[in-house]
Each structure stands twice: as structure tokens, then as C-alpha cells.
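Asks: Pasting a predicted model and its sequence here:
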Amino acid sequence: MQLDELDRSLLILLLERPRAGLREHARTLGVARGTVAARFLRLQEAGVISGLAPAVSPRAFGYSMLAFVHLDLRQGSLDAVVEALEAIPEVTEAFTVTGDGDLLCHVVARDTSELETVIQRIIEIPGVERTRSQIALTQRIPNRALPLIRSNRWATRPARPPQSAAT
């Protein structure tokens with residue numbers, strides 16, 4: 001999708017002031033509310049805006065530990081392992097990766113004992129051959145997109161959407 005300066009300005013406003021309505025963003029941008037609504041919908045449909053849910057911190061309700069768990073998988077077991085991981089609520093994200101390991105999972109836990117229990121559940125999944133884990137000490141840079149949008153370097157070539165592991 002080719003994005004223009006109005007798209008970029010709208011994305012910056014949405015990230016800087018997520019609680020403001022489209023009407024307020026339209027006033028700030030000096031365009032009609034319908035224009036902003038149409039751009040917003042187009043950005044959603046193209047996958048540029050991927051959600052409207054609040055960002056929830058597991059730490060706020062007791063999950064004070066974050067671990068990165070690398071999984072080595074038996075050939076041909078990726079889809080079944082991912083399906084089994086989805087049944088473990090403490091696995092908050094999983095990525096197929098290059099290099100050492102096949103999957104990288106973000107796992108939250110209340111303490112080291114619970115983390116060990118979660119890792120044991122992961123190890124028991126058919127197709128998981130080995131795990132390696134690292135405990136995150138401090139998040140130094142939160143997940144962010146605003147600096148990318150502000151950089152304006154992204155506008156020179158359209159991005160391709162990420163492909164799922166199933167394709």
C-alpha cells in the first residue's frame with residue numbers, strides 16, 4: 001500500500017493521542033471528518049492499523065516475569081506445536097525465526113516456579129525437541145512504531161505484509 005503525507009500525519013496523531021476521536025483528528029489535520037474516516041478505514045483494511053484494543057500489561061496483574069523461550073522443533077511439526085502453544089495462556093507471542101531454533105516465544109509468569117511449570121508444559125508438546133530460555137530483566141525500549149512513522153523513510157517504498165508460517 002502506498003501511503004501519503006496525510007496517512008502519515010493521521011498515523012502520528014493516532015499514536016500520540018489515541019483517545020481523541022476522528023473528528024478531532026480531522027480538525028487538527030484541516031480536512032473533513034469523512035476524509036479522515038475513509039483514510040482510517042483504508043489503513044485498517046490494508047493492515048497498517050492492526051487493532052484498536054488497549055495495550056494491556058501482564059505485569060499490572062501479577063505476571064512480573066517475561067522470558068524468551070527458544071524452541072527447536074521436529075521437522076513438519078510447526079503447525080501442531082503452534083496450535084498447542086495457543087492453549088497455554090502464559091505464551092503471549094510466538095515467532096518463527098532464523099538462526100538457532102525454530103520458534104521464539106514470549107512467556108510471562110508470576111515467579112520462577114511458575115515459569116518452570118510453563119516451560120515444562122511447552123517441553124511436553126509433541127514436536128518440541130529442545131528449549132532454551134532467557135529471562136528479561138528490564139525493558140529498555142517498549143514496542144513502538146511512532147519513530148518509524150516520523151522518520152519518513154518508510155514512505156519511499158511500500159512494505160509487503162508479513163507472510164504467515166502456513167504459506
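Replies: Happy to help now that I have it.
Asks: mind listing the strands for the chain?
Replies: In the chain, the strands defined using DSSP state E lie at 65-73, 91-96, 103-109, 128-136.
Asks: For my notes, please list those in CSV and give mean neighbour count and distance to residue 55 for each entry.
Replies: For glycine as for every other residue, the C-beta is placed from the backbone atoms N, C-alpha and C. Formatted as CSV, these follow (neighbours: other Cβ atoms under 10 Å; distance: least, Cβ to Cβ, whole Å):
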stretch, mean neighbour count, distance to residue 55
strand 65-73, 19, 15
strand 91-96, 15, 12
strand 103-109, 21, 14
strand 128-136, 14, 17
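Asks: JSON lines for these, including distance to residue 22 and mean pLDDT?
Replies: Formatted as JSON lines, the strands of the chain follow (distance: least, Cβ to Cβ, whole Å; pLDDT from 0 to 100):
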{"stretch": "strand 65-73", "distance to residue 22": "34", "mean pLDDT": "98"}
{"stretch": "strand 91-96", "distance to residue 22": "29", "mean pLDDT": "98"}
{"stretch": "strand 103-109", "distance to residue 22": "32", "mean pLDDT": "98"}
{"stretch": "strand 128-136", "distance to residue 22": "36", "mean pLDDT": "97"}
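Asks: helices and strands around the helix or strand bottoming out on mean pLDDT in the chain, which ones?
Replies: Of all helical and strand segments in the chain, the minimum by mean pLDDT, DSSP states H and E falls on helix 146-151, at a mean of 88. Counting contacts by 3 or more Cβ pairs under 8 Å, 6 or more residues apart in numbering; DSSP states H and E, helix 146-151 is packed against helix 5-16.
Asks: Quick one: residues in contact with the helix it packs on.
Replies: Outside of helix 5-16, the residues within contact range by Cβ atoms under 8 Å, 6 or more residues apart in numbering are 20, 25, 28-29, 31, 35-36, 39-40, 43, 48-49, 145-146, 149-150, 152, 155.
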